[in-house]
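**Student:** Got a predicted model here, sequence first, then my questions.
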Amino acid sequence: MDIINKINKLKKEKNAIILTHCYQNIEIDEVSDFVGDSLYLSKMASKTDADIIVFAGVYFMAQSAKLLSPQKKVLLPNLASGCLMADMINIDELKAFKANYPNIPVVCYINSTAEIKAHSDICATSSNAIEVVQSLGVDKVLFVPDTYLGKYVESKLKNVEVITYNGFCPTHLRIRKEDVLSAREKYPDALILAHPECHGEVIKLADFVGSTKEIMDYSKKTKSKRFVIATEKGVCDRLNRDSKNENWSKEFILIKDNIVCPNMKHNSLEDIYNVLLNENNEIDIKEEIASPARKCIEKMLYIKSSKI
Ligand code: 13P
Ligand code: SF4
């Protein structure tokens, strides 16, 4: 039996589902129940009645799934799957940041550890950060860890100052303004779609800015035939695959070679099979952290917004 059939058989036997982020190695989609961005996958984790969730993504995503489905077993196929941005702030650094700006609510990007969430007021993802900040009804917020997403949110809201921590995504920061300008020259008919973790100069020049899933949904529904993708390669690969399989006649070009998040590529089909078989690499979060961290994510899920 090949590995895909073996995984599907185990999934059935153990009442398990596989949630997959769209930066993962593309062959993982073959065994996945849901593929998407952080918000979509968090929602799927909170709704499922499966007993086991295998999270094909990075550590903070699996932690978020565990927070939202505490009674379920959440397994991360390969424990090397961290997020460089999430690791840019620890609890002492957060406390020092808050001490510099007392009495201002803290919005934490979902790309953060459970401990950071436990000490923040509300969580946000790349697809709802504007609505989340707006929902607070204040004129100043602290935003951790991503300075670029925070500044993007500020640019979209009148009268809210977003004071950002200095974290960033090294993969997205490899995309420079010059790359956008040369893509425009080379592909004048193409729309340029960027993730809000990109540098502000890149975001300003893009035709559309959104989460990974928003980029995918937008490019499917819009009439243009050619797109330059300014986010991780997995999004571009999936769009080209779907375009070919579903005859969209659309072309997706990665803005620059090798925009790859190495941490997202650790999980393999073999790892998925092994964690399902052995039920190891289980995510465990101490209750004193889990309880406030869960509230931080749930607050985000409960705010009134068309996106959430
Ligand atoms: P999305 O929520 O847009 O999928 O982003 C997650 C991420 O890590 C982007 O680098
Ligand atoms: Fe983290 Fe950047 Fe990788 Fe996203 S692309 S998981 S922000 S390191």
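**Tutor:** Happy to help now that I have it. Ligands and ions are numbered 1, 2, ... in the order given.
**Student:** what's the least confident helix or strand in the chain by mean pLDDT in contact with?
**Tutor:** The weakest-scoring helix or strand in the chain, judged by mean pLDDT, DSSP states H and E, is helix 38-47 (a mean of 91). Outside helix 38-47, the residues that touch it by CB atoms under 8 Å, 6 or more residues apart in numbering are 17, 19-21, 33-34, 36, 53, 55, 57, 61, 64-65, 68-69, 74, 110-111, 125-128, 211, 213, 297, 301, 307-308. (Each C-beta comes from the backbone N, C-alpha and C, glycine too.)
**Student:** near ligand 2, from those residues?
**Tutor:** Among those, the residues lying close to ligand 2 (CB under 6 Å from any ligand atom) are Asn111.
**Student:** Give me the residue at the spatial middle of the protein.
**Tutor:** Among the residues of the chain, Ser38 comes closest to the average C-alpha position under CA atoms, centre = their mean, at 3.9 Å.
**Student:** Tell me the spacing between it and Asp121.
**Tutor:** From Ser38 over to Asp121 the distance is 18 Å, taken as CB to CB, to the nearest Å.
**Student:** And Asp92, by the same measure?
**Tutor:** Separation of Asp92 from Asp121 (CB to CB) stands at 19 Å.
**Student:** Comparing the two, which residue is more hemmed in?
**Tutor:** More crowded of Asp92 and Asp121, by other CB atoms under 10 Å: Asp121, with 17 against 8.
**Student:** Got phi/psi on the more buried one?
**Tutor:** phi -90, psi -40 (degrees, to the nearest 10).
**Student:** could you list every residue that touches it?
**Tutor:** So Asp121 contacts 105-107, 136, 296, 299 (CB under 8 Å, 6+ apart).
**Student:** Greatest separation within the residues you listed: which pair is it?
**Tutor:** Within these, two members stand farthest from each other by CB to CB: Leu136 and Cys296, at 12.9 Å.
**Student:** These two: which has the busier surroundings?
**Tutor:** A direct count of neighbours by other CB under 10 Å for Leu136 and Cys296 places Cys296 higher, at 24 against 16.
**Student:** So Met300 lies in a helix, does it not?
**Tutor:** Yes: the assignment for Met300 by DSSP: H, G, I helix; E, B strand; the rest coil puts it in a helix.
**Student:** Ala129 is in contact with that one, correct?
**Tutor:** No: counting by CB atoms under 8 Å, Met300 stays clear of Ala129, with 9.5 Å between them.
**Student:** re earlier: need the residues touching each of Leu136 and Cys296.
**Tutor:** Counting by CB under 8 Å, 6+ apart, the contacts common to Leu136 and Cys296 are 121-122.
**Student:** From Tyr40, how far off is Tyr148?
**Tutor:** 21 Å.
**Student:** Need the three-state assignment for Phe55.
**Tutor:** Assignment for Phe55 (three-state DSSP): strand.
**Student:** So what pairs up with it in the strands?
**Tutor:** Under DSSP bridges, the beta-bridge partners of Phe55 are Leu19.
**Student:** Check what pLDDT it gets.
**Tutor:** If you check Phe55, the pLDDT there is 98.
**Student:** same thing with Ile308?
**Tutor:** For Ile308, the pLDDT comes out at 47.
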